[in-house]
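Colleague: Have a look; sequence and predicted model below, questions after that.
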Amino acid sequence: MKEKLYLTILSLLSLILFIGMVAIEKQFQARAPEIYLEKPFVPANLIVNTDREYGPLLGVWQAFAQGGEEPGQQMLKPTIDLMKKTKPQYVRLDHIFDDDYYNVVIGRNNDGSLNLDWSRLDKTIDDILLMGAKPFLSLSYMPGMIAGSKINVPNWNDWQDLVRQTVKHYSDNMADVYYEVWNEPSLPMFGDWKMYGAKDYRQLYYYAVLGASQANSNYNYKIGGPAIPELDPVWIRLLFDYCLTNNLRLDFISWHRYSFDPAVFIDDVYQINILIDDPQYQSFVSIEKIITEWGPNSYKDSVYSSPVAAAHMLAVTRKLLDKVGWVFTFEIKDGPGQGSSGWGLLTHESVGIKEKPRFFLYDWLADFDGQRLEVLGEGSQITGLAVKKDRTVKAVLTNYSPYTPYEESFQFTFANLAGGKYRLLIQELFDQVKEQEIEAQDSLVLNLTMPAYSVVRLELTKISGLENQNSDSALGDIYFDAHKDRF
C-alpha cells in the first residue's frame, strides 16, 4: 500500500516538474531576443523643388546647453565671440542653485525668507545675452540652506520661495525665459526621484509651479519638465495626470536623448504624439516638445572631436524639423583637462579654445534662413534640407548612417528654375569653396560623390536672365575627393 502511495506521489511530482519545465521553456521563448532586420539600402536621388515652399525654416538647432563643468562665472565668457557666429536663441544652464557654483542662497532674512545674491549667476546670464540668446534655466540643484544635500528633498516652503524669487528676478525685465524643473531627476546622481513615494518628482514640480505663479501673473515665461535622461512615456503620462488633477501649468515637456541612431530621436516624438492623441490629454495636444540635451553619446567620447558628430547633428536635426520646439546641443564648451573627449563644441580655454567639427556646421547653419523648400529623393544615408531667400537657393547635405556609411555617388537636381545664368558654390566641411558660373533653363543636375560622414553645402544664385532661351540645360559634373584619410 505504501509502495503504491509512493509511486502515486512520485508520478504527481514528475507531472508537476514536467509542467514547470514546459512553462519555463515557454517563458524563455517569450523573452527570446528580438531579431532586427536591417532595412534595405535606398540610394539617394535628391531633387530640390525651388518653387515649392513650406514657409519659414525654424532653426530648432539654435539652442545650446552648458553643464556644470566648472564653478564660477567665467564658464561661458571665453566663448561669447565664437558663439555669436552660431546665432543662438537660447542657452540652457543647470546647477544654478548649487552652493559651489553660483552661491545664490546666502542666508535668511529676519522674516525667515531666503536671502539671495544674484551677482555671480547674473554675470553668466549677461554672457548669454551678449551671445544674442536668452536663458533657459534648469531649476537645479538644492542649496544647503534648504536641503540636506544637492539632491535631497527640500523644505517645500523654501523651494517654493526660491523658485518664486528666481522667476521674479529674471522675468521682471526679460520676456520668454524658460524654467525647467530639475535635470535628469530619475538618475541616482541627481536624486533618484520617482513618480511616487517620499521623493516624488510631481511634488517637486508642484511647488516650483506654485512659486513661479506667485512671482507675477503678468510675466511672459514658460515652465515645464521633467528633463528625464531619456523619454519615458510613463513619466509623461503621470505628469499629465498630476497637472490636470491639480490644475498646474505645464507649458512644455522636456527630455534628453543620446543615440547614434537618428531614428531613436524621431521615435521619442512619436511616443509623445501617441500619448496626446488620447482624448483625456487633448489639452496637451499643442504642448511644446523640447529635447534639452542631445548628442551621439551620453559619455565623453572622442567622437565629439570628429566629423562623425557633425554629420550626426545634421542627420538628426533633419528628422526633427517641425516636430519639436528646440533641440539643445550638449554642450558649448569642454571642461578643463578633457583632451579630445569632451562633449563641447569648443575646447576649454586652458588648452586654447578651438572649434570642433560640429561648431563649423552650426556656423554654416547660422545663415541658413529663408523659405524651406521641398526636398525629394533622400536615401538611407544621404539626407538634407534646402531654403530659398531672394535669388539664392541653399542646400546642406550629409552622408550619415549609424551603421557605418560608405561613400555614395548620386544625382542632385535644382528643379523648376527660372532660365538664366547662375553662380554655383559648393563646399565640403573643412574644404575650400568651389565656385563656377553656369547656365540653366528648367533645372540644374549635379553628379555628386560624398564620403562617409561628410557634410556639403550648395548655394545657387541667379545672376542674370538666360540670353539664349533655346540653349540646352547645363549639367554641372562636380565631384568631391573622398578624403578618406580624415574620416
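Modeller: Sure thing, it's come through.
Colleague: give me the number of residues near residue 316?
Modeller: Using other C-beta atoms under 10 Å, residue 316 has 27 other residues around it. C-beta coordinates here come from the backbone N, C-alpha and C atoms, glycine included.
Colleague: Now the phi/psi pair for residue 283, please.
Modeller: Recorded main-chain torsions at residue 283 are phi -70, psi -10, according to degrees, to the nearest 10.
Colleague: what sits against it?
Modeller: Counting by C-beta atoms under 8 Å, 6 or more residues apart in numbering, residue 283 touches residue 244.
Colleague: what ranges do the helices span in the stretch 51-200 of the chain?
Modeller: Under the criterion DSSP state H, counting those that start in this stretch, helices of the stretch 51-200 of the chain are mapped to 80-84, 119-131, 156-171.
Colleague: Okay, and residue 206 sits in which element?
Modeller: helix 201-215 (DSSP states H and E).
Colleague: What helices and strands are in contact with that helix?
Modeller: Applying 3 or more C-beta pairs under 8 Å, 6 or more residues apart in numbering; DSSP states H and E, one finds that helix 201-215 contacts helix 156-171, strand 177-181, strand 221-228, helix 233-246.
Colleague: For the helices of the stretch 51-200 of the chain, give me CSV that also has mean pLDDT, distance to residue 320 and mean neighbour count.
Modeller: Formatted as CSV, the entries for the helices of the stretch 51-200 of the chain read as follows, by pLDDT from 0 to 100; distance: least, C-beta to C-beta, whole Å; neighbours: other C-beta atoms under 10 Å:
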stretch, mean pLDDT, distance to residue 320, mean neighbour count
helix 80-84, 98, 21, 16
helix 119-131, 96, 22, 18
helix 156-171, 98, 28, 20
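Colleague: do you know which of those lies nearest residue 448?
Modeller: Between residue 448 and those, the shortest separation by C-beta to C-beta is 30.2 Å, and it involves helix 80-84.
Colleague: okay, the helices of the stretch 51-200 of the chain in TSV with distance to residue 339 next?
Modeller: TSV is the format used below for those (distance: least, C-beta to C-beta, whole Å):
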stretch	distance to residue 339
helix 80-84	20
helix 119-131	25
helix 156-171	35
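Colleague: With residue 258 as the reference, name the closest of these.
Modeller: Among the helices of the stretch 51-200 of the chain, the nearest to residue 258 by C-beta to C-beta is helix 80-84 (21.9 Å).
Colleague: what's in contact with that closest one?
Modeller: When contacts are taken as C-beta under 8 Å, 6+ apart, the neighbours of helix 80-84 outside the stretch itself are 64, 76, 127, 130, 131, 132, 133, 332, 346, 353, 355, 359.
Colleague: So for the most centrally placed residue in the chain, what's the pLDDT?
Modeller: In the chain, the centroid-proximal residue (C-alpha atoms, centre = their mean) is residue 327; its distance is 3.2 Å. pLDDT, residue 327: 98.
Colleague: re earlier: residue 454: which of the helices and strands packed on helix 201-215 is closest?
Modeller: Distances from residue 454 to each of the helices and strands packed on helix 201-215 were compared by C-beta to C-beta, and the smallest falls on strand 221-228, at 33.5 Å.
Colleague: picking up where we left off before, tell me what the residue nearest to the centre of the chain is bridged to.
Modeller: residue 291 (DSSP bridges).
Colleague: Test my guess that it contacts residue 291.
Modeller: Yes. Applying C-beta atoms under 8 Å, one finds residue 327 in contact with residue 291, separated by 4.6 Å.
Colleague: Could you rank the contacts of helix 80-84 by neighbour count and give me the top one?
Modeller: Neighbours were tallied for each of these (criterion: other C-beta under 10 Å), and the maximum of 28 neighbours falls on residue 64.
Colleague: Now distance to residue 371 too, for the helices and strands packed on helix 201-215, in JSON lines please.
Modeller: Listed next are those as JSON lines, based on distance: least, C-beta to C-beta, whole Å:
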{"stretch": "helix 156-171", "distance to residue 371": "33"}
{"stretch": "strand 177-181", "distance to residue 371": "27"}
{"stretch": "strand 221-228", "distance to residue 371": "27"}
{"stretch": "helix 233-246", "distance to residue 371": "33"}
